[in-house]
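S.K.: quick one: sequence plus predicted model below, questions after.
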Amino acid sequence: MARCGVIQTAHGSFETPAFLPVGTVGSVKGMTPEELKALNVSALLCNAYHLYLRPGDDFIARQKGLHRFMGWDRTILTDSGGYQIFSQNRLTKISDEGVLFRSHLDGSEHFLSPERVIAIEEGIGADIIMPLDECLPYPSDYSRTAVSLDRTLSWAIRCHQARKRQDQYLYGIVQGGFYPDLRKKAVEALLQIGLDGIAIGGLSVGEPQEEMLKVLEQVVPLIPETT
């Protein structure tokens, strides 16, 4: 069920399916951009949450964006950092408005709303950006998952409304835990919003591999082949 194709971004194209090396805070550990290019890497994954905390999205914006900051002229995708925030459960307070959390670096308090996340990702200038979403651990009961999904979908709408740049792709994130009806609801709602692509989230959160594969078998056929 892999989607074979080409994604064209402002910093070039890459074929799918693709493996994106992780450069969480602006570099792939132990490798230079030149070494990555020699391996035919066309896209990297960075994390907006970590970059916001250090060195700071304002600092990166002053460097004229993440590509110049990293010395990387190919595609960059940034995750919003929702998973990283929610994995620090004892440091986090979630509301419909956003997430109040303490930095794992120095304990300082921060608040991220969907709108603020989009502002961060637009400021650092990634090619593909992700909205703020709520990622639950495994297992989570049905009622908690349903409430969390509604919040994630509401945040996706707010992120879509907040975007200003048209040279970035904003993807929606399918949550819904391990409940087929909630996953189906998520896909249908995200398609209605009119986002540029669909990502599948809420996996590798402690579940057995067979559960992860089961979710993929259920969700992938729901996503149009052109999305």
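M.R.: Yes, it's here.
S.K.: distance of residue 29 relative to residue 14?
M.R.: 21 Å (Cβ to Cβ, to the nearest Å). Where you see a C-beta, it was placed from the backbone N, CA and C, and this is true even at glycine.
S.K.: likewise residue 175?
M.R.: Here residue 175 is placed at a distance of 25 Å from residue 14 (Cβ to Cβ).
S.K.: for the residue nearest the centre of the chain, list the residues it contacts.
M.R.: Centroid-nearest residue in the chain, with Cα atoms, centre = their mean: residue 79, separated by 3.0 Å. Taking Cβ atoms under 8 Å, 6 or more residues apart in numbering as the contact definition, residue 79 lies against 45-49, 130.
S.K.: show me these that map onto strands.
M.R.: Among these, the ones falling in strands (DSSP state E) are 45-47.
S.K.: buried stuff in stretch 136-144?
M.R.: Under the neighbour-count criterion of 16 or more other Cβ atoms under 10 Å, stretch 136-144 has 136, 140 buried.
S.K.: which residues sit against that stretch?
M.R.: Contacts for stretch 136-144 (Cβ under 8 Å, 6+ apart): 86, 145, 148, 175, 177-179, 182, 202, 205-207, 211.
S.K.: swap the cut-off to 10 Å and go again
M.R.: By Cβ atoms under 10 Å, 6 or more residues apart in numbering, the surrounding residues in contact with stretch 136-144 are 86-87, 89, 145-149, 152, 175-179, 181-182, 202-208, 211-212.
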